[in-house]
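Asks: just to be clear, the model below is a prediction. Sequence and coordinates:
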Amino acid sequence: VKVIAIATISVDGRITPPDAEGTPFSSPETGSNFVSVISTVGAVVSGRRTYDVVKDEMEQFITQSDGSVLNLVMTREPSGHEDQSQPDGLEFTREGPSELIGSLKQRGIQSIAIAGGGEIYAAFAAEQLIDEWIIAVEPLILGGGKPLLGSAAQQQLALEESRHLNDNTVLLRYRVEGPSK
Ligand SMILES: NC(=O)c1ccc[n+]([C@@H]2O[C@H](COP(=O)([O-])OP(=O)(O)OC[C@H]3O[C@@H](n4cnc5c(N)ncnc54)[C@H](OP(=O)(O)O)[C@@H]3O)[C@@H](O)[C@H]2O)c1
């Protein structure tokens, strides 16, 4: 299973503003790129706190994507979300990263996007399960907010692609070579 982590960061590496949830600084072009990346994978994995922020957009996307992409939300309390789940559309799981990848493989899924947040990126990165990072860098410095990784993880990366998404936003795509040297 190919695992692609996709994130939007400020120049100082934050995924949220200080003292706020969400990514209000994400540009429309970054949003369009996110949609095109997730339409190439079999499943999108998010943390429960990210789900709380994006649930309306996620439900809209599920309706529009006619069930072709499975959205998985990681939570240690999936039973609290039974009323929100839609089989093969939106599922809540307490499986950790490697167990989750194993289950998706058994379901015939060949690629997944890890959509954050910081705790989820860190959990997959710490187990060296990420093959590729796609990072949009937005033109601002926030001086605070959640960092890309919510806990320690080290990786050595190789730059595969860099391009402008608009005049001010750069998209970076890295292959993960292994633990950082
Ligand atoms: N800029 C970006 O690209 C970007 C991308 C994504 C998110 N965000 C933002 O980042 C913020 C959320 O990030 P976050 O780090 O606070 O939270 P998060 O990673 O979205 O979610 C954390 C939650 O995931 C669940 N979880 C974590 N590890 C797990 C494991 N091993 N097994 C099962 N469940 C597990 C837990 O849910 P329970 O508490 O339910 O057990 C935990 O509270 C939001 O503001 C969101 O908008 C930004």
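Replies: Received it, and whenever you're ready, just let me know what you need.
Asks: for this structure, which segments count as strands?
Replies: For the chain, the strands defined by DSSP state E cover 2-10, 43-47, 70-74, 90-93, 111-114, 132-138, 156-164, 170-178.
Asks: export the longest helix along the chain to CSV, keeping only CA atoms.
Replies: Taking DSSP state H as the criterion, the chain has its longest helix at helix 48-64. Provided in CSV are the C-alpha atoms of helix 48-64 (Å, rounded to 0.1, in the frame of the first residue of the first chain):
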residue,chain,number,x,y,z
ARG,A,48,-10.7,12.6,14.9
ARG,A,49,-9.8,16.2,15.7
THR,A,50,-9.3,17.0,12.0
TYR,A,51,-12.6,15.3,11.3
ASP,A,52,-14.3,17.6,13.9
VAL,A,53,-13.1,20.6,11.9
VAL,A,54,-13.7,19.4,8.3
LYS,A,55,-16.8,17.1,8.8
ASP,A,56,-19.1,19.3,6.6
GLU,A,57,-16.6,19.4,3.7
MET,A,58,-15.9,15.7,4.1
GLU,A,59,-19.6,14.8,4.0
GLN,A,60,-20.0,16.9,0.9
PHE,A,61,-17.0,15.3,-0.7
ILE,A,62,-18.3,11.8,0.1
THR,A,63,-21.6,12.7,-1.6
GLN,A,64,-19.9,14.0,-4.7
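Asks: circling back: TSV for the strands of the chain, including distance to the ligand, mean neighbour count and mean pLDDT?
Replies: To be clear about C-beta, it is placed using only N, CA and C from the backbone, and glycine gets the same treatment. Output for the strands of the chain, formatted as TSV (distance: least, CB to the nearest ligand atom, whole Å; neighbours: other CB atoms under 10 Å; pLDDT from 0 to 100):
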stretch	distance to the ligand	mean neighbour count	mean pLDDT
strand 2-10	4	21	98
strand 43-47	2	24	97
strand 70-74	4	23	96
strand 90-93	7	18	96
strand 111-114	9	23	98
strand 132-138	8	20	98
strand 156-164	17	11	98
strand 170-178	12	16	97
